[in-house]
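>>> show me the folded form of this:
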Amino acid sequence: MASSESDVKHLPPPFIYLPSLANLRDAGGLPVRSPDGSTEQHLVVRKGVLYRSADPTFCLEEEIRFLREELGITMIYDLRSQPEFEKQDNAVQEWDDRIEGYNRSNANKIYREWTPVFKTQDYSPESIAIRFRDYGAADGAQGFVRAYSEILKHGGPSYSKILKHLASQDPTQPTGVLLHCSAGKDRTGVLVALILSILGVPVDEICQEYQLTETGLAERRKFFIERILSTGAFDGAEGLEAATRMTGARAESMKATLEMIDEVYGSPEGYVRKICGLNDDDINRLRRSLVVGANGAGNNVGTEKRAML
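You can find the predicted model right below:
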């Protein structure tokens, strides 16, 4: 059943409500293992730096203001492809114009950068479901592993740019970054999982954070499924079940993906070294910027605002 606007507005943390932006949440606050593998030192991912969401193209200027002034976001990284832009006619240009208009009249700027995982290939949830439909008939996890392995193969240059930006920030005062694709589920989910893994967040916590997208996209899930079924790629009751699985974000799918990363690249760190070109210094600086004590300075940034009133 689709969620009402009231339901979405009152989603619990880490979700943040904006009328024009689904699945917006802070990936901070998760526990981080210490170098000895324990969580006894009470380290966490810094709040107010790593945000994720669905497509923000239709945000109004007052919502841009909220992202910048209340959440502290200075960079928006768009992981979508050119075909996805073309489906929206002039909406992306109008979105850029609203950002530019906001920046002209405000000292605190916010910027959008196009960092596509695939420049010319649609990789929206519907497209993934159709392309990997043969894997939806079982538990769906292997379909996501196949889809996410393609994201990892092609995402290196864009992921590198984002990771190096995060690593280059002043560790005492890092500013917020918003990562998004069309739904904030797949291309975004893979990148966030990589970052959290590198920081030392336990696998189960990463997978549960990924699964939050089931809640964040609940109001849009029915729309995704209807669009998939309208293509004729999925037939009958079994097709409906497969389409439903392939538009989901189950923890098991991310767990299988992280296992695949270990098998293919050795570890998440191995992936960012081999494919993204990061070195030990980059990885250490990323950790310094994004890992803090649970009660340390900077860990309450961005937590006071859960909705634009």
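>>> which residues touch residue 122?
81, 83, 84 (Cβ atoms under 8 Å, 6 or more residues apart in numbering). Using the backbone N, CA and C atoms, a C-beta is placed for each residue, glycine as well.
>>> now residue 60
20, 98.
>>> was I right to think residue 175 contacts residue 74?
Yes. Between residue 175 and residue 74 a contact is recorded at 4.2 Å, counting by Cβ atoms under 8 Å.
>>> mind listing what's buried in the helix or strand where residue 64 lies?
Secondary structure from DSSP states H and E places residue 64 in helix 61-65. By neighbour count on 16 or more other Cβ atoms under 10 Å, the buried set for helix 61-65 is 63, 64, 65.
>>> look up how far residue 225 lies from the first one.
Read it as residue 63. From residue 63 over to residue 225 the distance is 27 Å, taken as Cβ to Cβ, to the nearest Å.
>>> next: the second one.
Applying Cβ to Cβ, the value for residue 64 to residue 225 is 31 Å.
>>> try the last one
When distance is defined by Cβ to Cβ, residue 65 is 34 Å away from residue 225.
>>> so residue 213 sits against residue 189, correct?
Yes. If you go by Cβ under 8 Å, residue 213 and residue 189 touch, sitting 6.6 Å apart.
>>> overlap of the contact sets of those two?
Common contacts of residue 213 and residue 189, defined by Cβ under 8 Å, 6+ apart, comprise residue 249.
>>> what strand or helix carries the residue nearest the centre of the chain?
Nearest residue to the geometric centre of the chain (Cα atoms, centre = their mean): residue 188, 3.2 Å. Element membership for residue 188, per DSSP H and E: helix 187-199.
>>> can you give me the strands for the stretch 1-150 of the chain?
For the stretch 1-150 of the chain, the strands defined by DSSP state E, counting those that start in this stretch cover 25-26, 31-32, 43-45, 50-53, 73-78, 111-114.
>>> what's the most buried one of these?
strand 50-53 (a mean of 25; mean count of other Cβ atoms under 10 Å).
>>> check which helices and strands that strand is in contact with.
strand 25-26, strand 176-180, helix 187-199 (3 or more Cβ pairs under 8 Å, 6 or more residues apart in numbering; DSSP states H and E).
>>> which residues sit against it?
Against strand 50-53 from outside (Cβ under 8 Å, 6+ apart): 16, 21-28, 71, 73, 166, 176-180, 184, 188-189, 192, 195, 290.
>>> any low-confidence regions in the stretch 51-200 of the chain?
Residues of the stretch 51-200 of the chain that meet the criterion pLDDT under 70 lie in 134-140.
>>> ranges for the helices of it?
Using DSSP state H, counting those that start in this stretch, the helices of the stretch 51-200 of the chain run over 61-65, 82-87, 91-104, 125-131, 141-154, 156-168, 187-199.
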